[in-house]
Structure formats: C-alpha cells, structure tokens
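Enquirer: I would like to see how this sequence folds:
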Amino acid sequence: MEGRVLVAEHNGAYVLKLVGDVRLTLSSTIDQFVERMFSCVSCQSVIVDLTETEGLDSTTLGMLAKMALFVRKQLHIRPLAVTDNDSIIRLLNSMGFEQIFDIQRTREVCAVADCELQAATLDEKEAREKVLQAHQVLMTLNQKNRETFKELVDSLCKAC
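Expert: Numbering: from 1, shown residues only. Sure, this is the predicted structure:
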C-alpha cells in the first residue's frame, strides 16, 4: 500500500500516523509537519503511530530520528512510537531508535490521527538534500549506522 501521513493534535499531544509503505516522497511532508508542530507553543508530547505501517525507508527513519532528537532538545522528553508489528520494532531497534524513542507494543493510541497531509513535492536537489540530512542523522545514532550509510553520505556530499 502506498504510504500516507495522517496527523492530529489533542491537548498538546501531537500524533503522527504513518500508514502503508512510507518512503522518501513523504519525508519532506513529515519534516514540514514537525516544523509546524514546534512552531506551536502548545506541543507537550509526540506520538508516532506505526500500527498501520508496512514499511519505512531509511530516509523516513532519518526524518523520524531528526524529530525525536528535536523533541528531546526542546521538550526534554522522548517521543512515543507505537506498534505491535515485530518487523517494524526490529527495524527501529536495529537503527538505534530505542535510545531516542519510547517504543510501546500496542495498538491503542490516545488520539486518532485523521487529517491526511498531502505529499510535498521535491525537485531532485531537494530530494538529495533530504536523503543526505536523514542519513547523517541516522549515522549519529550508532556505529552500525555510521558504517552502513558512510558510502551513501560520502557520495551525496560529493554530488552537492
């Protein structure tokens, strides 16, 4: 299933729900939402609902990591990632997300995300910059990520 991004806000709790196979084409949409979310003074908590997520590419993971690091810096908390999908949990843990997210194995989320965001359009240069930024963030999480993404980041840096 093609990916979708749904959002909601309830009493300062922001929910970002990723549905289907979420790829590079939605990473800028996620990034823009996070910027809008933190321009509001009411943001008190962040939930990433992955209960209907089928897949996440590394660029999307990088955007989620960027968001989690920003939440920690601004709110001094870790966002909550919610899923009962074993493969998604393994993916998150393999990237080091247990350090920056509280990962909860459940299908119950306190707020329903029902406002779908439209995919932001990216030209080739913007897409390359998002991919580079996402992978640079992932590289900060652990040594395995540094080794895995080093060649990609080096080649993207040369292309910039």
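Enquirer: I'd assumed Leu152 was in a strand, is it?
Expert: No. Using DSSP: H, G, I helix; E, B strand; the rest coil, the assignment for Leu152 is helix, not a strand.
Enquirer: any chance you could map the helices in this structure?
Expert: Along the chain, counting by DSSP state H, helices occupy 24-39, 58-75, 86-94, 124-139, 143-159.
Enquirer: Among these, which comes closest to Lys17?
Expert: Closest approach to Lys17 among the helices of the chain (C-beta to C-beta): helix 24-39, 11.0 Å. Glycine gets a C-beta too; all of them are placed from N, C-alpha and C.
Enquirer: Can you mark which positions in that closest one are buried?
Expert: Buried residues in helix 24-39, counting neighbours by 16 or more other C-beta atoms under 10 Å, are found at Leu24, Thr25, Leu26, Ser27, Ser28, Thr29, Ile30, Asp31, Phe33, Val34, Met37, Phe38.
Enquirer: Closest one of those to Ala127?
Expert: Leu24 (6.5 Å).
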